[in-house]
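In: the following block contains a protein sequence and its predicted model.
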Amino acid sequence: MLWILFYSFGYKPDLYHSIATDRLSLGQYKLAASSTFFQTFMGTLRISLTGTALCFLIGFPFAYWLSVRVPPSRRPIFLALILIPFWTNFLVRTIGWRILLAPSGIFAGVLHFLGLHSTALEVLDTRGAVQLGVVYNYLPLMILPLYVALDRLDPGLREASKDLGAGRVRTLFKVTIPLVSPGIIAGLLLVFIPLSGDFITATVLGGAKGNMAGRMIYDQFLVAQNWALGSAMAVVLILLIAAVVLFFGLIAIVGRHIIRYRRRVELAIAV
Amino acid sequence: MRDWVRPLLGMWAIAVFLFLFAPIVAIVVFSFNSGRSLEIWDGAGLSAYASFLSNGVVHSAIRTSIYAAIGSAIIATLFGSLAGIALARRPGKWQIIFVALLALVLVTPEIVSAIALLIWDVRLGESWSFFTNGLIRLWIGHSLFSTAVVTLIIRSRMAGIDESLEEAAADLYAPPFRRFRQVTLPLMFPAVLAGLLLSFSLSLDDTIISTFVSVAGSTPWPVYVFSAVRSVLRPEIAAVSTVMFLVTLFAVGVVALVLHQSESNARDITKTLTGEYGGNSRA
């Protein structure tokens, strides 16, 4: 991985070579930070943050349903049903969306039938399609750790909370969510990190408009053959991911301290 | 008052399943498309399956994929098992560093690993032609991630097995290799099998690393599909995917059945041992 760092200070010598490192400079970083590439990085960040949040919002009620409402004997069947799409080729699943979202495809037909949309559907090859695609592709990665965490939770704790007079919402936020937070963190990381580097979904569904950082790196390495710029972009991407993870990690730690402090104050007042 | 949440959650679950299966159903249905382009329906027919059976490029891509998956699964299981045993049984001062390295491998975005591998392959390929062989590149690339996964699986399995069993074998004068073969290996076998299957399917499914490291002539199946996305998608791709989907379905079914049976056995045994029968009825 250090080679990437080293190469990122190099340059592209001529049309037929992909890398030279006899002169080292920060030039590639300047290029990577230039406005067009910068916009793509920001777009990637927006897609990956929105995607992670949507995965959580869709995945949490589902994992809750699976671990609380479904009797244990039937859970393996539903888990297997989650795993089947997960084991189906990533690329092929994404191509499936191309069929569904095609301008005169199935979704367009359904929307037309419902009278919601009459002209040809223009979702394909936009940022919206990429957003949908990444949520779809990474949803199982969110559901599985959430399910494992929720499954380990003793149902007695929720019942105790109810017996002590806490409502449904209060039990969810004060008992369930704090106790499964390791699972939530695992799920968020498992979705966010690979999603940020994904270039397949963007290539299949994004066309020219839905570009993502992963695809930029891919283009620099395998199409433009400019390894120095590609390496610089990869370094920027890693730093960006690390920064986001650290940022939210800090927020979580500070938030937890504030909650604890407030609880202590409440207790002190009550006593 | 309390009953509106339950149907709502159920409906949500159904919606999630529909969402998860919609594109797969689309692929299966469109594999019977007799048109020239995958995305435009042009009457039902089996022409896609026929052309897949006669397309040599597709055959060689699938063959490469299977070879790559077998090779990298064996490499990953071998190294991962040994590393997992070492981590569980002889934790030393290097353990933290080693676990940190494993975690680093697991959290690195795949595209970064892929370009790092490409850079290494090209540099090493200048002096050793070994690294310009497409299949060997795929083996190395695919086994990297799955070795880390297998290591963690084996470690958690070995951590759950009492070392006194191995010590007992040693006390009974079993030499180290025999001890490993007759005591340790049978005990960790479910984890080894799980690791083998997992790394096999990870390799089969991998697109990102394969796209970067593969060389012309040994193109694995996902890379073939990926290049088709950039030119034209033919219904054959859906046909092959449908066949692969059925195979996966079968494999998942078998694994689930085996796991389900062994798990319920294990649960029964634990319950009997801890005298939980008759006592606590809710568990």
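Out: Yes, it's here. Numbers count the residues shown, from 1 in each chain, chains lettered A, B, ... in the order given.
In: how near is residue A:194 to chain B?
Out: Going from residue A:194 to chain B by Cβ to the nearest Cβ, to the nearest Å gives 6 Å. The way it works is simple: take the backbone N, C-alpha and C, and place the C-beta from them, glycine included.
In: OK, contacts around that residue?
Out: A:138, A:141, B:109, B:110 (Cβ atoms under 8 Å, 6 or more residues apart in numbering or on different chains).
In: most neighbours, which of the residues you listed?
Out: Among those, the one with the most neighbours (other Cβ atoms under 10 Å in any protein chain shown) is residue A:138, at 26 neighbours.
In: how about the nearest residue to that residue, chain neighbours excluded?
Out: residue A:191 (4.5 Å; Cβ to Cβ, 6 or more residues apart in numbering or on different chains).
In: burial of the one you found, as a residue count?
Out: Counted by other Cβ under 10 Å, the residues lying close to residue A:191 total 27.
In: just how off-centre is the helix or strand hosting residue A:45 within its chain?
Out: In the assignment (DSSP states H and E), residue A:45 maps to helix A:35-64. Helix A:35-64 sits 5 Å away from the centroid of its parent chain (Cα atoms, centre = their mean, to the nearest Å).
In: check whether it contacts chain B.
Out: Yes. Using Cβ under 8 Å from any Cβ of the partner chain, helix A:35-64 reaches chain B at A:58, A:61, A:62, A:64.
In: please identify the helix or strand for the residue nearest to residue A:138.
Out: Going by DSSP H and E, residue A:191 is in helix A:181-197.
In: for that helix, buried residues please.
Out: A:183-197 (16 or more other Cβ atoms under 10 Å in any protein chain shown).
In: and the two most separated of those?
Out: A:183 and A:197 (22.8 Å; Cβ to Cβ).
In: just to revisit the earlier point, export the helix holding residue A:191 as PDB, just CAs?
Out: Output of helix A:181-197 as PDB, limited to C-alpha atoms (Å, rounded to 0.1, in the frame of the first residue of the first chain):
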ATOM      1  CA  SER A 181     -24.900  -0.100  19.400                       C
ATOM      2  CA  PRO A 182     -21.800  -2.300  18.600                       C
ATOM      3  CA  GLY A 183     -23.900  -4.000  15.900                       C
ATOM      4  CA  ILE A 184     -25.100  -0.700  14.600                       C
ATOM      5  CA  ILE A 185     -21.500   0.600  14.400                       C
ATOM      6  CA  ALA A 186     -20.300  -2.600  12.700                       C
ATOM      7  CA  GLY A 187     -23.200  -2.300  10.200                       C
ATOM      8  CA  LEU A 188     -22.500   1.400   9.400                       C
ATOM      9  CA  LEU A 189     -18.800   0.700   8.900                       C
ATOM     10  CA  LEU A 190     -19.400  -2.400   6.800                       C
ATOM     11  CA  VAL A 191     -21.600  -0.400   4.500                       C
ATOM     12  CA  PHE A 192     -19.900   2.900   4.400                       C
ATOM     13  CA  ILE A 193     -16.300   1.800   3.700                       C
ATOM     14  CA  PRO A 194     -16.800  -0.500   0.700                       C
ATOM     15  CA  LEU A 195     -19.600   1.800  -0.600                       C
ATOM     16  CA  SER A 196     -17.200   4.700  -0.800                       C
ATOM     17  CA  GLY A 197     -14.800   2.800  -2.900                       C
END
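In: angle of that helix against helix A:35-64?
Out: Counting by axes from the mean of the first three to the mean of the last three Cα atoms, to 10 degrees, helix A:181-197 lies at 150 degrees to helix A:35-64.
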